[in-house]
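A.B. asks: can't give you the sequence, but here's the structure:
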């Protein structure tokens, strides 16, 4: 059986009630950013595209690896893998799926504007052996090769060439292409219509090679930014499912007979990053120097965060505070020391600020999405009030994800909120794109603070190609300890994700917050 990524799509206005029984009408606070599957590495975007496009291998209901477009694989040498492809698969336009499409897609995903470049590069150089066999030659050992293979969605080479979309679009610079609004995958659902921020409609692919566990024939996705409006649409029956009910609404939803809440933790760390590369902050009051280059300032901000108040009052218990920076404790091998938070210590934080020469504080703008993470803008406002006690005046610059991500991806920020996670819990997918210094091939592409730590870089790079599991564990732990000691980022919590659905809707909740449409049953 095959699996796809969590489903996100886009729509805008509320759907009309009365859709037939096998139409899934669902909503979330934001929209997919683009239908180009290699342009934006953002969960909602990946999830929508992941219902249309498929990967070589993917995730089952328990997040285990299962075959998809590849039916079998073998590591033929330490730096070589060979995959057999599924026969008799066709793209939605009828074009046969072959090794040419795999080679094309991996190479496309390594292009300069790709947002999954680091993952595509980790697969090595793809080579067609025959129509249904691909060989991957890697520059070094990749301990999580198969997990990386779950992240590159396969496009049709013929379709891409025909429609002049052989390279990923540059989303951060507002580029649009045919692939922005059109899609042609091999997956279980086909795109019918796309109206960004209004409505996106899909239908079941009657020629799909796999097995449907659910009965959904049509999917209508509507982004609804307002928490009360989203919940009201669910309660009234206008929609069937909400991916992200607000924490303050969960108790009421649990007590509503026509609705049910499906709980589960998410593999996602929410943290604060800071510009540590510039000599002067773009959006700060201090001239001639950068306070975030001082570890004492970073630690002071960390220790001034009353995380328990955020957990109980703001998140209503729907968060797990941590001092770790990986998406799951599994990424740190459940090491309690790496997961341990620095204590909340306001007086100690004030002393650190004074020792660093900032007893009077400073002003800075905090960039924050307002429709991406649970209570994202509210968390930023809460942090602003907490840091005010250090005389740090925070201007919260909250914006929709479609504006936020292009901004921070251009490193146009001084301090920012980011969440990081997905189906892979291994530390590699945090260390290479998020924590390592910016470099070639997507390394450090999401290191928006421009942090540079030679020790962390060396340890993380070594862990990426270490074949011995015990040695690799020690390298990863050492890299994560270095991150924590230097306070390169300020971890907050891992989200707990409650989903809400009409009582007649059956879904499968996964820790990567991915709604798989082919598993949904509407009774």
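C.D. replies: Thanks, I have the structure now. The model shown is predicted, which means the values in this text are computed figures rather than measured ones. Numbering: from 1, shown residues only.

A.B. asks: where in the chain is pLDDT low?
C.D. replies: For the chain, residues meeting the criterion pLDDT under 70 lie at 1-21.

A.B. asks: now do 90
C.D. replies: The model of the chain has pLDDT under 90 over residues 1-21, 112, 172, 263-265.

A.B. asks: okay, which residue is most central for it?
C.D. replies: Most central in the chain under CA atoms, centre = their mean is residue 43, positioned 3.9 Å from the mean C-alpha point.

A.B. asks: quick check: it touching residue 510?
C.D. replies: No: counting by CB atoms under 8 Å, residue 43 does not reach residue 510; the two are 11.7 Å apart. (Each C-beta comes from the backbone N, C-alpha and C, glycine too.)

A.B. asks: who's in contact with residue 317?
C.D. replies: Contacts for residue 317 (CB atoms under 8 Å, 6 or more residues apart in numbering) come out as 247, 311, 496.

A.B. asks: what about residue 227, how many neighbours?
C.D. replies: 18 (other CB atoms under 10 Å).

A.B. asks: to clarify, my last question referred to residue 400.
C.D. replies: Look at residue 400: counted by other CB under 10 Å, it has 17 neighbours.

A.B. asks: how close does it sit to residue 368?
C.D. replies: For residue 400, the distance to residue 368 equals 11 Å [CB to CB, to the nearest Å].

A.B. asks: how much space separates the residue nearest to the centre of the chain from residue 334?
C.D. replies: Residue 43 is 24 Å from residue 334, by CB to CB.

A.B. asks: and residue 123, by the same measure?
C.D. replies: Distance, residue 123 to residue 334, by CB to CB: 28 Å.

A.B. asks: same check, this time on residue 233
C.D. replies: Using CB to CB, residue 233 is found at 40 Å from residue 334.

A.B. asks: and the two? Which one has more around it.
C.D. replies: More crowded of residue 233 and residue 334, by other CB under 10 Å: residue 233, with 22 against 11.

A.B. asks: so that one sits against residue 28, correct?
C.D. replies: No: applying CB under 8 Å as the test, residue 233 and residue 28 come out as separate, 11.6 Å apart.

A.B. asks: residue 512 and residue 202, how far apart?
C.D. replies: Applying CB to CB to residue 512 and residue 202 gives a distance of 20 Å.

A.B. asks: cool, residue 47 as well?
C.D. replies: 12 Å.

A.B. asks: distance of residue 200 relative to residue 92?
C.D. replies: Taken as CB to CB, the span from residue 200 to residue 92 is 15 Å.

A.B. asks: the two: which has the busier surroundings?
C.D. replies: residue 200 (26 against 20).

A.B. asks: please report how far the more buried one lies from residue 192.
C.D. replies: 8 Å.

A.B. asks: any chance you could map the helices in the stretch 101-250 of the chain?
C.D. replies: Secondary structure of the stretch 101-250 of the chain by DSSP state H, counting those that start in this stretch: the helices cover 117-121, 145-149, 157-162, 178-181, 227-236, 247-254.

A.B. asks: nearest approach to residue 298 belongs to which of the ones you listed?
C.D. replies: helix 117-121 (25.1 Å; CB to CB).

A.B. asks: and stretch 477-492, what's buried?
C.D. replies: Going by neighbour count (16 or more other CB atoms under 10 Å), the buried part of stretch 477-492 is 477-484, 486-492.

A.B. asks: state which strand of the protein is the longest.
C.D. replies: Assignment by DSSP state E gives strand 259-274 as the longest strand of the chain.

A.B. asks: strands paired with it, and their directions?
C.D. replies: Sheet pairing of strand 259-274 (DSSP bridges) gives strand 415-421 (antiparallel), strand 489-502 (antiparallel).

A.B. asks: need those strands in CSV with distance to residue 386, can you?
C.D. replies: Formatted as CSV, those follow (distance: least, CB to CB, whole Å):
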stretch, distance to residue 386
strand 415-421, 14
strand 489-502, 11
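
A.B. asks: ranges for the strands of the stretch 51-200 of the chain?
C.D. replies: 57-59, 65-67, 70-77, 80-85, 125-130, 133-137, 189-195, 199-204 (DSSP state E, counting those that start in this stretch).

A.B. asks: out of these, which is the most enclosed?
C.D. replies: Of all these, strand 57-59 carries the top mean neighbour count, a mean of 25, counting by mean count of other CB atoms under 10 Å.

A.B. asks: that one packs against which elements?
C.D. replies: Packed against strand 57-59 by the contact rule (3 or more CB pairs under 8 Å, 6 or more residues apart in numbering; DSSP states H and E) you find strand 65-67.

A.B. asks: check which helices and strands the strand it packs on is in contact with.
C.D. replies: On a contact count with 3+ CB pairs under 8 Å, 6+ apart, strand 65-67 meets strand 57-59.

A.B. asks: list the pairing partners of the strand it packs on within its sheet, with orientation.
C.D. replies: Strand 57-59 sits in its sheet next to strand 65-67 (antiparallel), going by DSSP bridges.

A.B. asks: quick one: the strand it pairs with to chain centroid distance?
C.D. replies: From the chain centre to the centre of strand 65-67 is a distance of 20 Å (CA atoms, centre = their mean, to the nearest Å).

A.B. asks: just stretch 472-481 next, same as before
C.D. replies: How far stretch 472-481 lies from its chain's middle: 23 Å, per CA atoms, centre = their mean.

A.B. asks: one more: stretch 57-74?
C.D. replies: 20 Å.

A.B. asks: picking that back up, what sits in contact with each of residue 233 and residue 28?
C.D. replies: Both residue 233 and residue 28 are contacted by 224, 242, under the criterion CB under 8 Å, 6+ apart.
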